[in-house]
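S.K.: Here is a sequence with its predicted model. Questions after.
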Amino acid sequence: MLRILHDTNYDFIRWWKVMAAITIGFILLGLGSLAIKPPNYSIEFTGGTLMQLQFTQPPDVGEIRSALDDAGIHGAEIQQFGSNRDFTVRAQNPAQVAAQARGAENIAVTIESVLKKKFGENSLKVGRTEAVGPRVGQELKRGAVIAILLSFLITLVYLSIRFEWRFATAAVIATSHDVFTTIAFLKLMHLEISLTVVAGLLTVLGYSLNDTIIIFDRVRENLRKGRKETLYETLNRSINETLPRSVLTHVTTFLATLALLLFAGEVIRPFAWVMAFGIVTGTFSSIYVAAPVLLWIERKWPRKTGARQSSSTVTPTSRTRRSTATATR
């Protein structure tokens, strides 16, 4: 792999407009679906009761729903997972959540007793039970939003100190891209937004930011060398120089995530989906979002007078074209 990617000279920045159109289209598709229907929040954020049940014999879903409706638990979501004997029951009806918050009879106890009465005393086992009140759910949702916003703020401050505001702004825009594309992906895949998913999202942001910092650090080193080349050429050079390291890191991480997708249980699988997609979109944003944004910022606000043309040229020079053609051959 290192031998294949050694001394590459691909013109990555050349395709930034095409890549920007693709990613904007994907984000708009996700936001459009969010406008039609809000995202699916888990029990941690909405409040309610979640139970995982294992039946001794495959039950009929209609009979489960009918028994719960007769007991006054209306609108419960019943899903099969794993084998045909494993089911999850979610009671997220606002009235039921409010009743649980007022100290009414535990809904989980009611569900278990109703189903045992319907199917038999030894007909099922309760694998897992979660009960979250509405106030706790709102606090967790607010905490998740604050965690993401704080990550942006800390990133902006840190990169402004280590590099400068141009690099910091480009990195924050790239990580914002990762958040929006991942949320769109979750919506299109009909995945719930849970605390585990938020943890995966924060991990993706850190992973993507690390990749962006590595590229920007190489850009800074190449700028200090004083080569007579435009920022366009410096960005391409820096991306190509860090490409072997990036590919090896991303491939190994993706393989580990793939193992989680294939062999992990239902609880950890949404986290694995976020990580798998985040590795792809994080790599994409480091090259096709952060770098072009830095180029655009430098064009609008050059470092010094007279540097606008030399530092922000949007088209490669003939030397870059010749070297790219040679590398292609």
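M.R.: Received the coordinates, thanks. Numbering: from 1, shown residues only.
S.K.: and the nearest residue to residue 227 once chain neighbours are set aside, what is it in contact with?
M.R.: Nearest residue to residue 227, sequence neighbours excluded (C-beta to C-beta, 6 or more residues apart in numbering): residue 234, at 7.3 Å. Placement of C-beta: from N, CA and C, glycine included. With contacts defined as C-beta atoms under 8 Å, 6 or more residues apart in numbering, residue 234 is in contact with 219, 222, 223, 227.
S.K.: Most neighbours among those residues, which one is it?
M.R.: residue 219 (23 neighbours; other C-beta atoms under 10 Å).
S.K.: what's the helix or strand for it?
M.R.: Following DSSP states H and E, one finds residue 219 within helix 195-224.
S.K.: Just give me how far that helix sits from the chain centre.
M.R.: 13 Å (C-alpha atoms, centre = their mean, to the nearest Å).
S.K.: buried stuff in the helix or strand following it?
M.R.: Per DSSP H and E, the first helix or strand lying C-terminal to helix 195-224 is helix 231-263. Buried residues in helix 231-263, counting neighbours by 16 or more other C-beta atoms under 10 Å, are found at 231-244, 246, 249-250, 253-254, 257, 260.
S.K.: circling back to that earlier point, what is the nearest of the contacts of residue 234 to residue 288?
M.R.: Lowest distance from residue 288 to the contacts of residue 234 (C-beta to C-beta) belongs to residue 219, with 15.0 Å.
S.K.: Now that closest one: closest residue in space, sequence neighbours ignored.
M.R.: Nearest to residue 219 is residue 238, by C-beta to C-beta, 6+ apart, at 4.4 Å.
S.K.: Report the separation between the one you found and residue 163.
M.R.: Look at residue 238 and residue 163: by C-beta to C-beta, to the nearest Å, they are 13 Å apart.
S.K.: do residue 262 as well
M.R.: Distance from residue 262 to residue 163, by C-beta to C-beta: 39 Å.
S.K.: Overlap of the contact sets of residue 238 and residue 163?
M.R.: residue 216.
S.K.: quick revisit: please identify which of the contacts of residue 234 is nearest to residue 106.
M.R.: residue 219 (57.9 Å).
S.K.: residue ranges for the helices of the protein, please.
M.R.: Per DSSP state H, the chain carries helices over the ranges 16-36, 43-46, 61-70, 94-101, 107-119, 134-162, 165-188, 195-224, 231-263, 269-285, 291-300, 308-311, 318-328.
S.K.: among the ones you listed, which is nearest residue 86?
M.R.: helix 61-70 (12.3 Å).
S.K.: what does that closest one contact?
M.R.: Against helix 61-70 from outside (C-beta under 8 Å, 6+ apart): 74, 76, 78, 80, 87, 89, 111, 114, 115, 117, 118, 119.
S.K.: need the contact list for the closest residue to the fifth one other than its chain neighbours.
M.R.: Distances taken as C-beta to C-beta, 6+ apart place residue 53 nearest to residue 87, at 5.1 Å, with adjacent residues excluded. If a contact means C-beta under 8 Å, 6+ apart, then residue 53 has 86, 87, 88, 89, 115, 124, 125, 126, 127 as its contacts.
S.K.: Name the residues of stretch 106-124 that come out as buried.
M.R.: Applying 16+ other C-beta under 10 Å to stretch 106-124 flags 107, 108, 110, 111, 112, 114, 115, 118, 119, 124 as buried.
S.K.: Could you export that stretch as CSV, keeping only the C-alpha atoms?
M.R.: Output of stretch 106-124 as CSV, limited to C-alpha atoms (Å, rounded to 0.1, in the frame of the first residue of the first chain):
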residue,chain,number,x,y,z
ASN,A,106,-44.0,1.2,36.7
ILE,A,107,-44.9,0.6,33.0
ALA,A,108,-42.3,-2.1,32.6
VAL,A,109,-43.9,-4.1,35.4
THR,A,110,-47.3,-3.7,33.7
ILE,A,111,-46.0,-4.8,30.3
GLU,A,112,-44.3,-7.9,31.8
SER,A,113,-47.4,-8.9,33.8
VAL,A,114,-49.8,-8.3,30.8
LEU,A,115,-47.7,-10.4,28.4
LYS,A,116,-47.2,-13.2,30.9
LYS,A,117,-50.9,-13.3,31.5
LYS,A,118,-51.5,-13.4,27.7
PHE,A,119,-48.8,-16.0,26.7
GLY,A,120,-48.2,-17.8,30.0
GLU,A,121,-46.1,-17.3,33.1
ASN,A,122,-43.0,-19.0,31.7
SER,A,123,-43.5,-17.7,28.2
LEU,A,124,-40.9,-14.9,28.2
